[in-house]
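>>> mind folding the following:
(chains A and B)
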Amino acid sequence: MKQQFLELADYAIGQLRGTEALLTGFCGETSDFVRFNRARVGQAGSVTQAFLRLTLVDRGRRLNSTLSVAFEASTDQAAIRRAIEAMRSELPSLPVDPLLLYATEVNSSNRERPGQLPDAEEAVDCVIAAADGADLVGIFASGPVYRGFANSMGQRNWHRVDSFQVDWSIYVGGSHDAKDKAVKSTYASGTWDAGEIARRIDAAREQVKFLAERSRAIDPGQYRAYLAPAAMDELVGMLSWDGVSARSQRTRQSSLQKLVDGEMALSPMVSLRENTADGMAPSFDDSGFPRPPQVVLISSGRHAGGLVSARTAKEYELAANGASEEETMLSADLDGGALPMSDALAALDRGILVSNLWYLNFSDRSSCRLTGMTRFATFWVEDGRICAPLNVMRFDDSLYRMLGSELQALTREREWIQSRSTYGQRSVESTRVPGALLSSLTLTL
Amino acid sequence: MDSTPDLSDVVRRFRRVAPASDHCTIRIVEESSISTSVRRDVPEPAARSIDLGAMVTVASGDGIGYAATSDLSEAGLKGAADRAAQWARAARGRSVFDGTAPHLTLAGRFRSSGLSEADWTLAERLDLLRQESAQCRIDDRIVDWQASLWTVRVRQLLAAAGGEEIFEQHTFAIPALHVAASQRDRTQVRSWGGRHNGLCQQGSAREVIERGRFVGSGQRTAEQALELLAAPNCPSGTLDLLLMPDQMMLQIHESIGHPLELDRILGDERNYAGTSFVTPDMFGSYRYGSDLLNVTYDPTRAEQFATFAYDDQGSRAHRQYLIRDGILMQALGGTLSRQRLPQAPWDGFVATSRASSWNRPPIDRMSNLNVEPGTSSFQEMVASIDNGVLMQTNASWSIDDSRNKFQFGCEWGQRIRGGRLAEVVRNPNYRGVSATFWRSLAMVGSASTVEVLGSPFCGKGEPNQLIRVGHASPACKFTAVAVFGAEN
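Here you go, the predicted structure:
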């Protein structure tokens, strides 16, 4: 799609007149999606899509127009002409935008991460064969994802990542007590290894046997807990709900406002950054600014900065740091600690092993208090050994406790977790997080 | 900048290249939207979009495959049809679909209201929004405010290779306000319309804005944000709860709508959106709520957000009771899912299998899911509460993967003491369990308390899909609910 994008961008820029400038964004993908339920094929199909985002700027005014790409030059060129003409006719009726800011210094880039993706039908064969009759449910998603940017100043950026993801759960089945219990696993990479998917499904089938034990019921209260990296991914992800946004921080709506104001602190073990250098997201933003390799957001438990979009930079006289318009993390990176992951259960000793959290939301945003559910494999641990599965439980606790006063250790090893989001398009977001040992986690229901 | 291609031309090209198979359809979707907003009295960049593409679906025995493309040339459609046929063959013999795909047997058309009305110009939209934005700026403690209007027009043509066609046209409007007030270490948000307040309806922008009384809402919303800023924390305890329609919307959605979706009950969603505490044997006998609970699937209310004539599998949609006098009667699912449960103890199916756009296949959704009005006036419900809280406008939502243990929070709370409305309280939250919560439904508001609301953002499915849903509801009273507030 690179050549098609560059040709469409050149064509669009060629339509400009006089003092006009044009910014052109591009996102596209060629994806295979196959759903599984009970190790049989559900919906199976392929999607080819691309969208072109045109921003016409003239005398301080701007308008955006997004078009789906038809991959047929004459059709796409006609659509581009219509879009630019419509924007040109409407621009004079709009006020000058005082917060308009876009890159004028040329920073072209080309980052392509080609992979060895599986033939989709062979991958489906592998998954079904490895499940071997187990109650496996999930999805296979695979194919290249593209992002591009071009402007009339001559900048050209291209970003391509080839990746696949098999994301599945294996359910226990059988008695009603066990029927809703499952082990969740993921295999995501740019290089397919049929042996690896078989090994991972096999490992999940072994783990699910622990869940067949009779569940233990525990009362609401405070318990020692170990949050595995997948659970930490959910916690860290909540900070993208306005927590690290510079605009939210400036308008006092950030969930981390008390951290920003210096009223509260997290544990000195907590350091969080936006790590574009090691992520999957493109190294340029929608306005053409380059993303710094790293932006430090929390350093040793203290506020260190926010994600600043071009518009926020102009509004609050800050330096833009490549943030999207939503000012969310695309490549979150939480530092690891000193606890070897293999010692996590021994360090927990007696308490709860939480493999996954689910459906988080703020119960008190000002205090960064979060609620959510345990999901999938959650166990009661005694003497550092798994004793019994637990039924799902609701937690409701402040991040200033969970990653502050109650944080005892972060694991040395971290996991890189590729976003599973496919709303509208396959995401290029990822996180890198350790596991966390908490002296107490508050369960409420 | 409407491209307005003739969708029938696309269908003609499709029919020339459709493969020989048990069944082959094309679903062409064109969605045009305009998004405008004014934040802190400064217009944000206005955005138009046109998204046009098609999904070809091929069935071969029990194998069903799809391929979606925005290349609507004959070559593009042939590529999609070939790929869909390839997937159908690959799935054959190991598919979850036991029977064959449903065939389109009907031909029909649907037009929502407001389609013939010309769109406002961008300048007209921005004038309206600037006016409401300026109304929000009533005090220095108002630190952020935004007025927005998002309108969408959709054309969809579902056609079988054999000749049947269903054409639908819709127009949607979503006006919204967001106001944040802050003082010292406290910030409170009050919203109007939009996703949280639920003013998401079909119709032209002018119709929806008039119905919702948008003009003048800026100052009122800002005043309420300041009231919340000065309000005491919501108390904790077991209290009676009066939920207004814009929180009932969320309560219905999460703890009735999702648990009744057939694909959850069948297990398709267990890896992502979750399962359901509801099992097929419960239908016809399970007491979901008190005798006062009546829930309908209603695709017929003209202004409601998910009103349509046919679902995306081509089935005719009808109003049906899902829960009657508290007893569970019917699940939410299209004909394909229904075929997978031949022994289920209910008749027929609910035509509500829908896709978010041309690039995603249809799945079981809730569409318009409504609580039917009862007989109590708002005053009678307040008067019946000795110690309780009224809650309005969802702010926080969380529920377990089988849709049972929930915790919801609202923007606005108001104490009720001795049968009278008392002081405003901030950060009201409550928690409960779906399986018992609806049995505590003690009073259902009359038609005078009903609001027709909706949301553009119901998410589920793998690959993920966001879809429009509608919820009309009266205010309702629940007894003995666990209520609580903020940390301090």
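>>> tell me the span between the first and last residue of stretch B:376-395.
26 Å (Cα to Cα, to the nearest Å).
>>> how about stretch B:111-130?
Stretch B:111-130 has an end-to-end distance of 32 Å (Cα to Cα).
>>> ok now it, how far from the chain's centre?
Centroid separation for stretch B:111-130 versus its chain: 22 Å, with Cα atoms, centre = their mean, to the nearest Å.
>>> how about that stretch against chain A, any contact?
Yes - residues of stretch B:111-130 are located near chain A by Cβ under 8 Å from any Cβ of the partner chain, namely B:Thr121, B:Leu122, B:Ala123, B:Leu126. Every C-beta, even on glycine, is put in place using the N, C-alpha and C of the backbone.
>>> most neighbours among those, please name it.
Neighbour tally across the residues of stretch B:111-130 next to chain A (other Cβ atoms under 10 Å in any protein chain shown): the maximum, 23 neighbours, falls on B:Leu126.
>>> what residues are bridge-paired with the residue lying closest to it once chain neighbours are set aside?
In space, and not counting its chain neighbours, B:Leu126 is closest to B:Pro43: 5.1 Å by Cβ to Cβ, 6 or more residues apart in numbering or on different chains. In this entry, B:Pro43 is beta-bridged to B:Val38, by DSSP bridges.
>>> likewise A:Thr411?
Under DSSP bridges, the beta-bridge partners of A:Thr411 are A:Leu339.
>>> export the residues of stretch B:111-130 next to chain A to TSV and tack on pLDDT and secondary structure?
Shown next, in TSV, are the residues of stretch B:111-130 next to chain A (pLDDT from 0 to 100; DSSP: H, G, I helix; E, B strand; the rest coil):
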residue	pLDDT	secondary structure
B:Thr121	92	coil
B:Leu122	94	helix
B:Ala123	94	helix
B:Leu126	97	helix
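>>> just give me the closest of those to chain A.
Chain A lies nearest to B:Ala123 out of those, by Cβ to the nearest Cβ, at 4.2 Å.
>>> quick one: pLDDT of the closest residue to that closest one other than its chain neighbours?
Among residues not flanking B:Ala123 along the chain, A:Ser93 sits closest, at 4.2 Å (Cβ to Cβ, 6+ apart). On pLDDT, A:Ser93 comes in at 94.
>>> before we move on, back to that, next, the contact list for the residue nearest to B:Leu126, please.
Applying Cβ atoms under 8 Å, 6 or more residues apart in numbering or on different chains to B:Pro43 gives the contacts A:Leu94, A:Pro95, A:Asp97, B:Thr36, B:Ser37, B:Leu126, B:Leu129, B:Arg130.
>>> report the two of those residues separated the most.
Spanning the widest gap among the contacts of B:Pro43 are A:Asp97 and B:Leu129, at 14.4 Å by Cβ to Cβ.
>>> any idea how far chain A is from B:Asn387?
22 Å (Cβ to the nearest Cβ, to the nearest Å).
>>> is the longest strand along chain A anywhere near chain B?
Counting by DSSP state E, the longest strand found in chain A is strand A:40-58. Yes - between strand A:40-58 and chain B, judged by Cβ under 8 Å from any Cβ, the touching residues are A:40-51, A:55.
>>> ok so, going back, farthest-apart pair in the residues of stretch B:111-130 next to chain A, please.
B:Thr121 and B:Leu126 (9.0 Å).
>>> all helices of chain B, in order?
B:7-17, B:74-91, B:122-136, B:194-197, B:205-212, B:217-230, B:245-252, B:262-265, B:335-339, B:378-383, B:434-437 (DSSP state H).
>>> if we can go back for a sec, which other helices and strands contact the longest strand of chain A?
helix A:2-13, strand A:21-37, strand A:61-68, helix A:73-90, helix A:120-131, strand B:47-60, strand B:63-69, helix B:74-91 (3 or more Cβ pairs under 8 Å, 6 or more residues apart in numbering or on different chains; DSSP states H and E).
>>> need the CA coordinates for the helix or strand following the fifth one. CSV is fine.
Moving toward the C-terminus from helix A:120-131, the next helix or strand (DSSP states H and E) is strand A:135-151. Listed next in CSV are the C-alpha coordinates belonging to strand A:135-151 (Å, rounded to 0.1, in the frame of the first residue of the first chain):
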residue,chain,number,x,y,z
ASP,A,135,-12.9,-26.2,24.7
LEU,A,136,-10.9,-23.4,23.0
VAL,A,137,-12.5,-20.1,22.1
GLY,A,138,-10.7,-17.1,20.6
ILE,A,139,-9.4,-15.4,17.5
PHE,A,140,-6.6,-15.5,15.0
ALA,A,141,-5.8,-12.1,13.4
SER,A,142,-2.9,-11.6,11.0
GLY,A,143,-1.6,-9.4,8.3
PRO,A,144,0.3,-6.2,7.7
VAL,A,145,-0.8,-2.9,9.2
TYR,A,146,0.2,0.4,7.6
ARG,A,147,0.4,4.0,8.7
GLY,A,148,1.6,7.0,6.6
PHE,A,149,1.9,10.7,6.7
ALA,A,150,2.7,13.2,3.9
ASN,A,151,2.5,17.0,3.8
